[in-house]
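# model this:
(one chain, ligands or ions: 1)
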Amino acid sequence: MQYISTRDREQQFSAAQAISKGLADDGGLLTPVYLPKLPRRSLEELKDMSYQQRAVYVMKLFLDGFSVKELTDFANAAYGPEKFDTPAVAPVRALDSNTFCLELWHGPTCAFKDMALQMLPHLLTASLRKLEEEKTVCILVATSGDTGKGALEGFRDVDHTKILVFYPKDGVSAIQELQMVTQEGDNVGVCSVYGNFDDAQTGVKQLFSDEKLREELAQRGYFLSSANSINWGRVLPQVVYYISAYCDLLRDGHIQLGDPINVCVPTGNFGNILAAYYARDMGVPIHRLICASNANNVLTDFLRTGVYDRNRTFYNTMSPSMDILISSNLERLLLAVTQEDSEVRKYMGQLKETGRYEVSERVRDKIQKLFMGYCCDDTETKKIIGAIYRQFDYLIDPHTAVGFSALGQYRQETGDETPTVVASTASPFKFCDNVLSALGVKEQAQGLDILDQLSQVTGEPVPAPLAALRDKKPRFHEAVEKDHMVDAVLEMLRPQK
Ligand SMILES: *Cc1c(COP(=O)(O)O)cnc(C)c1O
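Just a heads-up that it's a prediction; the model follows:
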């Protein structure tokens, strides 16, 4: 399986190259030339396998040059009992006969990013070995909250790697920030940026295209790579859990083989929902993909009008990991739908120049056959948290609530009652203050005591990794202007002796 740039088919790479590069030199996203198809019987076979085995089966289809033995070792290390608090890894919880919640937050940082970021370091270090790369890889990450911690946890103390995370100073929750600034490990760095997530992400993209920086770092024995969701090694492990969810529904008798399901995904950078799209393309019977946004509803507008326009107000919401105006992974969908690298290149050029592009009618129609977009504001998000809790005795976080709002709107608009899997992307304990207030609790405990308060109110246990924050000291305090991120990199990557 070869990988190409979304902007230039001529640039082809092996899986190991694609994963170690992260991003193509022309700024495009490295993407499989074609998507392998799952034979029908494979869903039947996968149904009785463990999550780890399903991961090996699916990833092997994309990763020539990686042996089953290797992938098995990776899956066992990434999704084992030391990392995930349930053997199911990504369990599907039935709320009623046609509403299911795919819980993606049972990993070490309590958000769905763990599903990919526990796997990526294995894929990346193996890729570098295969390429006989001798330099140390430095992972640069821009985070809207959960990626940063997930990447830090995934890469901490991994040989021949360094990791540096930039987060927007005022764009993450208190617990998310504490999770990052207390990160342990000898190869990690954390730095806040004045501005919002797009500032941080744009800054990191600039670092990647900074030739002078690249040369300087090469002399110091480093090269840069990305753990952002544009890295193929991030997207691929996410394809696994949609296939796995379908198998669980089969196994548990909720559906019969071949029955369609819908998938509803709270969306930011478009990585998670793109993985669902790929699972569909590979042969999982997915009827509709419901794309849920918060007040930053650039995707909702795009899916309705075919116009992507980032020239709009940016809102900090209570679902910060979706506070995004440039959904990078949409570029891969554009390639899949157009099959034309030149067309993608044109749109991305316009996006860069003017912050806006409009896809052709043909592309819009194709996308609209599959995708439906809905959005909701914070008031609605809170209402939904309360409503789901009362109706199903089930606690969800604000991101997941945006998903449930979208599902409700979709069902109302279309009357479609196809069984639907909602991706639940974070533990509610990462967002205690807003969740408690959604449940009507006005007097809130201070600091980390709020974790216990939410536990007492709901009877749900505090996830162990969050409870452990109590005993940790902040290690990182640095904040930079977005034009000075390069200094933070040079400071962290001082010449090796
Ligand atoms: C990252 C994140 C999202 C958005 O996922 P994308 O892949 O960026 O679309 C949603 N919810 C949570 C909790 C997240 O951490």
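# Give me the local confidence score for the closest residue to the ligand within the stretch 101-250 of the chain.
The ligand sits closest to Asp146 of the stretch 101-250 of the chain, with a gap of 3.2 Å, by CB to the nearest ligand atom. Just so you know, the C-beta spots here come from the backbone N, C-alpha and C atoms, and that holds for glycine as well. Predicted confidence (pLDDT) for Asp146: 81.
# burial measure for it, as a count.
Neighbours of Asp146 under the rule other CB atoms under 10 Å: 28.
# What of Thr420?
Neighbours of Thr420 using other CB under 10 Å come to 22.
# how about the closest residue to Thr458 other than its chain neighbours, secondary structure?
Computed as CB to CB, 6 or more residues apart in numbering, the closest residue to Thr458 that is not its neighbour in sequence is Leu395, at 5.3 Å. Leu395 carries the three-state label coil when classified by DSSP: H, G, I helix; E, B strand; the rest coil.
# who's in contact with the residue lying closest to Thr400 once chain neighbours are set aside?
Using CB to CB, 6+ apart and skipping the chain neighbours, the partner closest in space to Thr400 is Ser424 (4.4 Å). Applying CB atoms under 8 Å, 6 or more residues apart in numbering to Ser424 gives the contacts Arg93, Cys101, Leu102, Glu103, Leu104, Trp105, Phe112, Ile396, Asp397, Thr400, Gly403.
# Quickly list what the fourth one is bridged to.
What that stands for is Glu103. Beta-bridge partners of Glu103, counted by DSSP bridges, are Ser424.
# Surely it touches Ala94?
No: counting by CB atoms under 8 Å, Glu103 does not reach Ala94; the two are 11.6 Å apart.
# Compare the two (neighbour count), which wins?
Glu103 (24 against 15).
# got the residues of the stretch 101-250 of the chain near the ligand?
Listed as neighbours of the ligand in the stretch 101-250 of the chain under the rule CB under 6 Å from any ligand atom: Ala111, Phe112, Lys113, Asp146, Ser229.
# and if we set it to 8 Å?
Trp105, Ala111, Phe112, Lys113, Ser144, Gly145, Asp146, Thr147, Gly150, Ser229, Gln238 (CB under 8 Å from any ligand atom).
# and the nearest residue to the fourth one once chain neighbours are set aside, how many residues sit next to it?
Read it as Lys113. Nearest non-adjacent residue to Lys113, counting by CB to CB, 6+ apart: Gly150, 3.4 Å away. Close neighbours of Gly150, defined as other CB under 10 Å, add up to 29.
# Tell me how far the helix or strand hosting Gly150 lies from the chain's centre.
Element membership for Gly150 (DSSP states H and E) is helix 146-155. Relative to its chain's centre, helix 146-155 lies at 11 Å (CA atoms, centre = their mean, to the nearest Å).
# and what of stretch 180-187?
For stretch 180-187, the distance to the chain centre is 21 Å (CA atoms, centre = their mean).
# likewise stretch 426-433?
Here stretch 426-433 is found 17 Å from its chain centre; the criterion is CA atoms, centre = their mean.
# End to end on that stretch, go ahead and measure it.
By CA to CA, to the nearest Å, the extent of stretch 426-433 from end to end equals 14 Å.
# who touches it?
Against stretch 426-433 from outside (CB under 8 Å, 6+ apart): 105, 110-112, 146, 173-176, 318, 321, 385, 395-400, 435, 444, 450-451, 453-455, 460, 462-463, 466.
# again with stretch 61-79
Here stretch 61-79 has contacts from 1, 14-16, 32, 36, 38, 51-53, 55-56, 59-60, 83, 89, 118-119, 122-123, 126, 130, 236-237, 282, using CB under 8 Å, 6+ apart.
# Recalculate using a threshold of 7 Å.
Applying CB atoms under 7 Å, 6 or more residues apart in numbering, the external contacts of stretch 61-79 come out as 1, 14-16, 32, 36, 51-52, 55-56, 59-60, 89, 118-119, 122-123, 126, 130, 236.
# Just the buried subset of those, please.
14-16, 32, 51-52, 55-56, 59-60, 89, 118-119, 122-123, 126, 130, 236 (16 or more other CB atoms under 10 Å).
# among these, which are in strands?
Taking DSSP state E, the ones among those that sit in strands are Pro32.
# can you pull the buried residues of the longest helix seen in the chain?
The longest helix of the chain (DSSP state H) is helix 232-251. Using 16+ other CB under 10 Å as the burial criterion, the residues of helix 232-251 that qualify are 232-250.
# distance between the ends of stretch 321-331?
19 Å.
# if we can go back for a sec, surely the residue nearest to Lys113 touches Ala111?
Yes: counting by CB atoms under 7 Å, Gly150 does reach Ala111; the two are 6.4 Å apart.
# Poorly predicted segments of this protein, please.
Low-confidence segments of the chain (pLDDT under 70): 496-497.
# Now do the contacts for Lys366.
By CB under 7 Å, 6+ apart, Lys366 lies in contact with Val337.
# Name every strand pairing with the helix or strand harbouring Leu164 and say which way it goes.
Using DSSP H and E, Leu164 sits within strand 161-168. Applying DSSP bridges, strand 161-168 is found paired with strand 136-142 (parallel), strand 188-193 (parallel).
# what's the helix or strand for Gln11?
strand 8-13.
# So which other helices or strands are in contact with that strand?
strand 3-5 (3 or more CB pairs under 7 Å, 6 or more residues apart in numbering; DSSP states H and E).
# What strands flank the strand it packs on, and is each parallel or antiparallel?
Strand 3-5 has these strand partners (DSSP bridges): strand 8-13 (antiparallel), strand 30-32 (antiparallel).
# what comes up buried for the first one?
What that stands for is strand 8-13. Quick answer for strand 8-13 (16+ other CB under 10 Å): Asp8, Arg9, Gln11, Phe13.
# Give me the distance between the first one and the ligand.
Using CB to the nearest ligand atom, to the nearest Å, Asp8 is found at 24 Å from the ligand.
# mind listing the helices for the stretch 1-150 of the chain?
When assigned using DSSP state H, counting those that start in this stretch, the helices of the stretch 1-150 of the chain occupy the ranges 15-21, 40-47, 51-60, 68-78, 113-117, 120-130, 146-155.
# Show me which of the ones you listed has the highest average neighbour count.
helix 113-117 (a mean of 30; mean count of other CB atoms under 10 Å).
# quick one: contacts of it?
90, 104, 107-108, 146-147, 150-151, 154, 227, 234, 237-238, 241.
# Kindly export it (C-alpha atoms) in CSV.
Listed next in CSV are the C-alpha coordinates belonging to helix 113-117 (Å, rounded to 0.1, in the frame of the first residue of the first chain):
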residue,chain,number,x,y,z
LYS,A,113,-7.2,10.6,21.6
ASP,A,114,-5.7,7.7,23.5
MET,A,115,-7.2,5.3,21.0
ALA,A,116,-4.7,6.6,18.5
LEU,A,117,-2.0,8.1,20.6
